[in-house]
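Q: just the structure for this:
(2 chains)
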Amino acid sequence: MPTVRVYVTLKPSLLDSAGRTVAGSLRNLGFKELEDARIGKMIELQVEEYSEARVKEMCEKLLANPVIENYRFEVAP
Amino acid sequence: MKVAVARFPGSNCDQDALYSLREDIGVQAEYVWHGDSSLAGFDAVFIPGGFTYGDYLRCGAIASRSPILSAVSEFAKSAKPVIGVCNGFQILCEAGLLPGALLRNAEQLFVCAPVHLRAENRTSLWTQGVDRILEIPIAHGEGRYVCDEATLERLKDEDRVAFRYVGPNGERGEAYNPNGSTDDIAGVLNEKGNVLGMMPHPERATRSVLGLSDGQAILKALTLVGV
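A: Numbering: from 1, shown residues only, chains lettered A, B, ... in the order given. Alright, predicted model coming up:
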C-alpha cells in the first residue's frame, strides 16, 4: 500500500514564532551558527492507490491552508 | 430573535455564550450540534470559543469542515447575523467565510487579559452600537491575525476592520497589540458586514458582576435586528 508524505510549511513571509523559540534554544545549547528554524508538519497518508490529483485535492481541501501555508508531497520510497 | 450557539467537540465557551445571550442580552438561544445540517428556525448564529478537535492540524480546521458550517455558510449569504469568537473566529476563517488566518501569538504566550478595542467600522450590523472604546477580555494562544497585503488593503478600503487593539484612550501602539496581529486587527467583517469574527470575548463581559460589561455594546446588536 503506497505511503504518501505531505509536507506542510508556513509561508516564508510569515513569522514562525514556535520556530524562532526553538532556534533560540538551540543557540543556548551552543549552536551559535543557527540563524533561524522553521517548524512544519509532515503527514503520512496510506492510500489504496496513489493518485497525484487526489492527494492534491486532499491538501487543498484540508491538509494545508493556502492563506498561510505551502505544501508538497512525495510517494515514500 | 433566536440565536443558535454551535457546539463542537472541544467547544468550551458554549455555556458562557448561551447564558450571556439569554440572561444579559435578552434573546432566545439554543444549542445546535456540529453534525446538524440545518439552522431552520434560527435568526442568528454564535460560534463560541474553545479548542475544537484539540486544535489538530490547524485551529478550527476540522470544525470548519463539519456539516453545520455548510448551513452557516448559507446563513451568511442570506445576510443573517453570524459571530465567531476566538476559536469561532478561527473556524470562520478556515471555512473561508472571513479572509485571513490566525497564527500562534508572536511571543508564544497564551494571553488571558482584558484589552481595549476600538471599533473601526461603525455602520455594520455588529458595530453600529459601539460608540466608545471597549474593554473586553482575550484568552488565546493563537490569535495573531495575518493576511496578505492585498487583502489588508481591501479590508481597509471596504471598511471591514471591525476592531483594533488600542490603548485605554483609543491610541494605537505596539504595547497594546497582545499577539502581533497584522495592523493591530482584533476582528474583521465579511463583505456584507453580517459576519463578524473577533478574538476578544464579548460573551464574557456582559454584566458588571463579571468585572466588565462592554460586550453588551456588540451583542445587543442582536436585539436590533428585525426578525
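Q: right, and the helix or strand after the lengthiest helix in chain B?
A: Using DSSP state H, we find that the single longest helix of chain B is helix B:67-77. Sequence-wise, the next helix or strand downstream of helix B:67-77 (DSSP states H and E) is strand B:82-85.
Q: which pLDDT value belongs to the closest residue to residue B:56 other than its chain neighbours?
A: Nearest residue to residue B:56 in three dimensions, chain neighbours excluded: residue B:62, at 6.1 Å (CB to CB, 6 or more residues apart in numbering or on different chains). From N, CA and C alone the C-beta is placed, and that goes for glycine too. Note for residue B:62: predicted pLDDT of 97.
Q: could you do the one 4 residues further on as well?
A: Looking at residue B:66, its pLDDT is 95.
Q: that one: how many residues sit nearby?
A: 22 (other CB atoms under 10 Å in any protein chain shown).
Q: just the element for the closest residue to residue B:148 other than its chain neighbours, please.
A: Of all residues not flanking residue B:148 in the chain, residue A:67 sits nearest, at 7.7 Å (CB to CB, 6+ apart). Assigned by DSSP H and E, residue A:67 belongs to neither a helix nor a strand.
Q: what about residue A:67, how many neighbours?
A: Other residues near residue A:67 come to 17 when the count uses other CB under 10 Å.
Q: sorry, back to before: looking at it, the residue nearest to residue B:56 is touching residue B:55, isn't it?
A: No - using CB atoms under 8 Å, residue B:62 and residue B:55 do not qualify as a contacting pair, with a distance of 9.0 Å.
Q: neighbour count for these two, which is higher?
A: A count of neighbours by other CB under 10 Å puts residue B:62 above the other of residue B:62 and residue B:55, at 21 against 18.
Q: check contacts around the more buried one.
A: Residue B:62 sits next to B:52-53, B:56 when contact means CB atoms under 8 Å, 6 or more residues apart in numbering or on different chains.
Q: any idea which of those is the one closest to residue B:177?
A: residue B:52 (25.4 Å; CB to CB).
Q: pLDDT at that closest one, what is it?
A: 96.
Q: verify the stated contact: it with residue B:91.
A: Yes - Residue B:52 lies in contact with residue B:91 (CB under 8 Å); the separation is 6.9 Å.
Q: higher neighbour count, these two?
A: The residue with more neighbours, out of residue B:52 and residue B:91, is residue B:91; 34 against 28, by other CB under 10 Å.
Q: my guess is that one is in a helix, correct?
A: Yes - residue assignment for residue B:91, taken from DSSP: H, G, I helix; E, B strand; the rest coil, places it within a helix.
Q: apart from its neighbours in sequence, what residue is nearest it?
A: Nearest to residue B:91 is residue B:60, by CB to CB, 6+ apart, at 3.9 Å.
Q: how about the contacts made by residue B:3?
A: Per CB under 8 Å, 6+ apart, neighbours of residue B:3: B:21, B:27-30, B:42-46, B:222.
Q: how far away is residue A:77 from residue A:3?
A: Noted for residue A:77: a distance of 9 Å to residue A:3, by CB to CB, to the nearest Å.
Q: so the two - more neighbours on which side?
A: Neighbours per residue, other CB under 10 Å: of residue A:77 and residue A:3, the larger number sits with residue A:3, 13 against 5.
Q: just to revisit the earlier point, hang on, the residue nearest to residue B:148 packs against residue B:100?
A: Yes - assessed by CB under 8 Å, residue A:67 is found in contact with residue B:100 at 6.4 Å.
Q: get me the contact residues on chain B for chain A.
A: Chain B comes close to chain A at residues B:57-58, B:61, B:65, B:93-94, B:99-101, B:103-108, B:144, B:146-148, B:180, as judged by CB under 8 Å from any CB of the partner chain.
Q: residues in chain A within reach of chain B, list them.
A: Contacts of chain A with chain B, taken as CB under 8 Å from any CB, map to A:10, A:14-15, A:17-18, A:21, A:41, A:61-63, A:65, A:67-68.
Q: appreciated, that's everything.
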